[in-house]
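1. I need the structure of the sequence given here:
(one chain, ligands or ions: 1)
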Amino acid sequence: MAAVSNAPPRHVAIVMDGNGRWAQRRHLPRIAGHKKGVDALKRVVKLCVARGIGVLTVFAFSSENWNRPEEEVSGLMELLALALAREVKPLAEEGVRLRFIGDRNNLSQRLKDGLSQAEQATASNERLLLNVCFNYGGRWDVVQAARQLADTGQEITESALSSMLATAHCGDPDLLIRTGGEMRLSNFLLWQAAYAELFFSATLWPDFDEADLDAAIQAFGARERRFGLTSAQLLTGAAG
Ligand code: FPP
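-> Below is the predicted model:
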């Protein structure tokens, strides 16, 4: 088999796992780990801009995270509000376009307004699209897309369903990274990750740095992406 050397991924998705353990190891409250997680996210956004990655999609709060202790849930809501107040301007200055993906129904009006304002304020930026998945679940996404299709009475096809997903504006991830040593998707981008290359890093998210991101990009570069074809078909371009 010929050595593979893919172009860098266009779209990187990340399950930012390990904040709680990072904090617990330091005898700090879990929310201290999530705060460090915001710093790690800011670092990774800068790195993605520098690496020419077009889309970064991160899992910040899952549909299932409501079941965490009330203190942690409200801490994460506060952290999002704080990030909106502090980080939108510097992100905009770096050319980042922000989109929030997920069910906004259960969020406070203040948060809903903040999300919309951040999206509007960064709508014309083109260097990096940052999708923050908040109150997101892959199953929720497929169900809301299917409901939209049913409402319009359209024929149910893969492309019609894809066009109704919360990620229709940016397409599917090429590389999906999960930090923190666990090896599962945890209801993240279930449909969209069908052909993503998966990379599992043992690094806890608050510690995730340039070397970790580059290791993932390098591993991606060496993967043979066959999309259901054989290696021989890829070499000759003889599919179909
Ligand atoms: C998983 O780690 C992480 C989360 C549930 C939250 C992720 C949020 C951030 C990184 C902050 C960025 C968010 C905003 C508000 C923009 P975990 O708590 O499950 O870690 P553990 O597995 O070590 O317990």
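
2. if I pick residue 79, what's in contact with it?
-> Contact analysis of residue 79 by Cβ atoms under 8 Å, 6 or more residues apart in numbering lists 31, 34, 35, 38. For glycine as for every other residue, the C-beta is placed from the backbone atoms N, C-alpha and C.

3. please redo it, this time with the cut-off set to 7 Å
-> With contact taken as Cβ atoms under 7 Å, 6 or more residues apart in numbering, residue 79 is in contact with 34, 35, 38.

4. Give me the subset of these that also touch the ligand.
-> Contacts with the ligand are made by 34, 38 out of the contacts of residue 79, judged by Cβ under 6 Å from any ligand atom.

5. ok, the contacts of residue 79 vs residue 51, which is closest?
-> Nearest to residue 51 among the contacts of residue 79 is residue 38, at 20.4 Å by Cβ to Cβ.

6. If you drop the residues flanking it in sequence, what lies closest to residue 34?
-> residue 19 (4.8 Å; Cβ to Cβ, 6 or more residues apart in numbering).

7. ok, and what's touching stretch 110-118?
-> Contact with stretch 110-118 is made by 77, 80, 81, 84, 88, 98, 100, 104, as judged by Cβ under 7 Å, 6+ apart.

8. For whichever strand or helix holds residue 73, buried residues please.
-> Taking DSSP states H and E as the definition, residue 73 sits inside helix 70-93. Residues 72, 75, 76, 77, 79, 80, 83, 84, 87, 88, 91, 92 are the ones in helix 70-93 that count as buried (16 or more other Cβ atoms under 10 Å).

9. Write out the residues of this structure neighbouring the ligand.
-> So far as Cβ under 6 Å from any ligand atom goes, the chain lies against the ligand at 16-21, 34, 37-38, 41, 60, 65, 76, 79-80, 83, 132, 180, 205.

10. Off-centre distance for stretch 21-35?
-> For stretch 21-35, the distance from its own C-alpha centre to the chain's C-alpha centre is 22 Å (Cα atoms, centre = their mean, to the nearest Å).

11. next one: stretch 112-125
-> Taking mean C-alpha positions (Cα atoms, centre = their mean), stretch 112-125 and its chain are 18 Å apart.

12. now stretch 61-68
-> Centre-to-centre, stretch 61-68 and its host chain are 16 Å apart (Cα atoms, centre = their mean).

13. What of stretch 131-151?
-> With Cα atoms, centre = their mean, you get 15 Å for stretch 131-151.

14. buried residues in that stretch?
-> 131-138, 140-142, 144-145, 149.

15. closest to the ligand among those residues?
-> Taking Cβ to the nearest ligand atom as the measure, the ligand lies nearest residue 132 of those, at 5.5 Å.

16. My understanding was that the closest one contacts residue 60; is that so?
-> Yes - between residue 132 and residue 60 a contact is recorded at 5.2 Å, counting by Cβ atoms under 7 Å.

17. re earlier: let me have the contacts of residue 79 in JSON lines, adding distance to residue 160 and secondary structure as columns.
-> Below are those laid out as JSON lines (distance: Cβ to Cβ, whole Å; DSSP: H, G, I helix; E, B strand; the rest coil):
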{"residue": "34", "distance to residue 160": "37", "secondary structure": "helix"}
{"residue": "35", "distance to residue 160": "41", "secondary structure": "helix"}
{"residue": "38", "distance to residue 160": "37", "secondary structure": "helix"}
